[in-house]
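> Curious how this folds, go ahead:
(chains A and B)
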Amino acid sequence: DAGVTQSPTHLIKTRGQHVTLRCSPISGHKSVSWYQQVLGQGPQFIFQYYEKEERGRGNFPDRFSARQFPNYSSELNVNALLLGDSALYLCASSSGGGGGGTQYFGPGTRLLVL
Amino acid sequence: GQQLNQSPQSMFIQEGEDVSMNCTSSSIFNTWLWYKQDPGEGPVLLIALYKAGELTSNGRLTAQFGITRKDSFLNISASIPSDVGIYFCAGQKNNAGNMLTFGGGTRLMVKP
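Numbering: from 1, shown residues only, chains lettered A, B, ... in the order given. From the prediction side, this is the model:
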């Protein structure tokens, strides 16, 4: 079975632009979470979606938004990009949405903002 | 954002040596997890701990969930070159959905 897939793998943008990152969860998984990993640090939670509804939001500005589609895939959108948004963006999927279930991470999208 | 306190930040050891790393928090977590991340990849789950005091092994890896629910440690016995990577602890709370709070990572380097 395919694991969590993310696209694109790498992306270069300039300040002020907008970016959309995509994630496809493991087949049968209904929950997707997004994390930001700045170089040299652990991942930071951004959003969780379960059954197409937002179930959790981390301490990120409103420039960050996400949604989940009927097939449980998800998009992360970031508007008005800043240099500090440069990071590895990770997507994790799990079968349940209430915690306790194993979360499987994708390989990430590496975003560079110039 | 909040992160767990993970130590040491890095370790450079000889192949065959045992390794120990730990993670502490000022708040209680209901689940502790240990992940390994290789360059260019996402974190891979190594061990999950669900109960205070629990000691769980996965091959040469052993992890424990602290009695206070505010800490956890990971031991790797008889290290080999493929153990190289960054190890992260993560905590999860029952009332926080799937949100994981991560430590800053321990970078392990193994000298053959």
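
> what's the spacing between residue A:30 and residue A:7?
To residue A:7, residue A:30 is 20 Å away according to C-beta to C-beta, to the nearest Å. C-betas here are computed from N, CA, C, even on glycine.

> where does chain B come near chain A, residue by residue?
B:1, B:3-4, B:6, B:30-31, B:35, B:40-45, B:48, B:50, B:88, B:90, B:92-94, B:96-105 (C-beta under 8 Å from any C-beta of the partner chain).

> 6 Å instead, please
With C-beta under 6 Å from any C-beta of the partner chain as the criterion, chain B meets chain A at residues B:1, B:3, B:41-43, B:88, B:92, B:94, B:97-99, B:102-105.

> Identify the farthest-apart pair in those residues.
B:41 and B:94 (29.0 Å; C-beta to C-beta).

> who has more neighbours, these two?
For residue B:41 versus residue B:94, the count of surrounding residues by other C-beta atoms under 10 Å in any protein chain shown is larger for residue B:41: 15 against 12.

> Let's verify the more buried one: helix, strand, or coil?
Three-state call for residue B:41 (DSSP: H, G, I helix; E, B strand; the rest coil): coil.

> Now for it: which residues touch it?
Residue B:41 makes contact with residue A:107, according to C-beta atoms under 6 Å, 6 or more residues apart in numbering or on different chains.

> Distance of it relative to residue B:49?
In terms of C-beta to C-beta, residue B:41 sits 23 Å off from residue B:49.

> One more: residue A:56?
In terms of C-beta to C-beta, residue A:56 sits 21 Å off from residue B:49.
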